[in-house]
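# need a 3D model of the following:
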Amino acid sequence: MKDTLLHACCAPCSSAILEKMDKDGIEPVIFFSNSNIVPKEEYDKRLAELYRYAARYGFEVVEDEYDHEAWRKAVKGLENEPERGARCLQCFKFRLERAAEFARKRGLGRLTTTLASSRWKRLDQVDEAGEEACSQNEGVQWWSVNWRKGGLQERRNALIKELGFYNQLYCGCEFSLRPAADRHSDDDGQSSDGAK
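Just a heads-up that it's a prediction; the model follows:
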């Protein structure tokens, strides 16, 4: 089934999702739209890891244009918001709007995101952003999935160790660096990267 666009933030958050999709006969196009990530070297590391992992399944990866200045304009005035606050919602909207537009142009009728795999992200915000993005792009439906359930969170943690992923310690944007220091390690020893 080749009707799905998966917006992906990084290889660790994509790992168990892509494995499940492959087992379920879904062949997603993976869309890397993450203009929030700084510095550019960090962005490049995350993208390289995603390419490396997607190659295991032969899945196509499409890189969106990197435009951190446009992202900064989108979150202007929200710089001091806490993590999981209004800035995060606006960030999700920025990225998922680009993903939904790409899906429409590519003729892919379903959009989902690895952002819903992170326990550091609010699923209601992810869904709100996804629904809004798809409502603006005719023919694209939002596929709301809690990618933490069904053993996927545990499988994700196992794959990170098994495959030696580069596993970042912060969401990606410069504003998420502040609280990342406070929670860079959780009780199971994994980084708190969240889904970027």
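# next SSE downstream of the helix ranked longest in the chain?
In the chain, with assignment by DSSP state H, the single longest helix is helix 86-106. Downstream of helix 86-106, the first helix or strand assigned by DSSP states H and E is strand 110-113.
# what about that next one, distance to the chain center?
Centroid separation for strand 110-113 versus its chain: 10 Å, with CA atoms, centre = their mean, to the nearest Å.
# what residues are up against the residue nearest to Leu108 when sequence neighbours are not counted?
Nearest residue to Leu108, sequence neighbours excluded (CB to CB, 6 or more residues apart in numbering): Leu5, at 4.5 Å. All C-beta spots, glycine's among them, are computed from the backbone N, C-alpha and C. With contact set as CB atoms under 8 Å, 6 or more residues apart in numbering, Leu5 has these partners: 28-29, 31, 99, 102-103, 106, 108, 110-112, 140.
# ok, now with 10 Å
Leu5 is in contact with 28-31, 62, 99-100, 102-104, 106, 108-113, 140, 143, counting by CB atoms under 10 Å, 6 or more residues apart in numbering.
# which SS class is it?
Leu5 carries the three-state label strand when classified by DSSP: H, G, I helix; E, B strand; the rest coil.
# report the beta-bridge partners for it.
Going by DSSP bridges, Leu5 is paired in beta bridges with Val29, Leu111.
# distance of it from Glu132?
According to CB to CB, to the nearest Å, Leu5 stands 16 Å off from Glu132.
# what of Glu27?
From Glu27 across to Glu132, the span is 26 Å (CB to CB).
# quick one on the thing from earlier: if I look at the residue nearest to Leu108, how far off is Arg110?
As for Leu5, its distance to Arg110 is 7 Å (criterion: CB to CB).
# mutual contacts of these two, please.
Common contacts of Leu5 and Arg110 (CB under 10 Å, 6+ apart): 28, 103, 140, 143.
# spit out the contact partners of the closest residue to the last one other than its chain neighbours.
So that's Trp143. Nearest non-adjacent residue to Trp143, counting by CB to CB, 6+ apart: Thr112, 4.1 Å away. Contacts for Thr112 (CB under 10 Å, 6+ apart) come out as 4-8, 17, 21, 26, 28, 96, 99, 126, 130, 141-145, 147.
# try Arg46
Arg46 makes contacts with 8-13, 32, 34, 37, 165-168, 172, 193, 196, as judged by CB under 10 Å, 6+ apart.
# name the residues of whichever strand or helix holds it that are buried.
According to DSSP H and E, Arg46 maps onto helix 40-54. Neighbour counts using 16 or more other CB atoms under 10 Å place 42-43, 45-47, 49-50, 53-54 of helix 40-54 among the buried residues.
# which among these gets closest to Leu159?
Within these, the smallest distance to Leu159 is 8.7 Å, found for Tyr53 (CB to CB).
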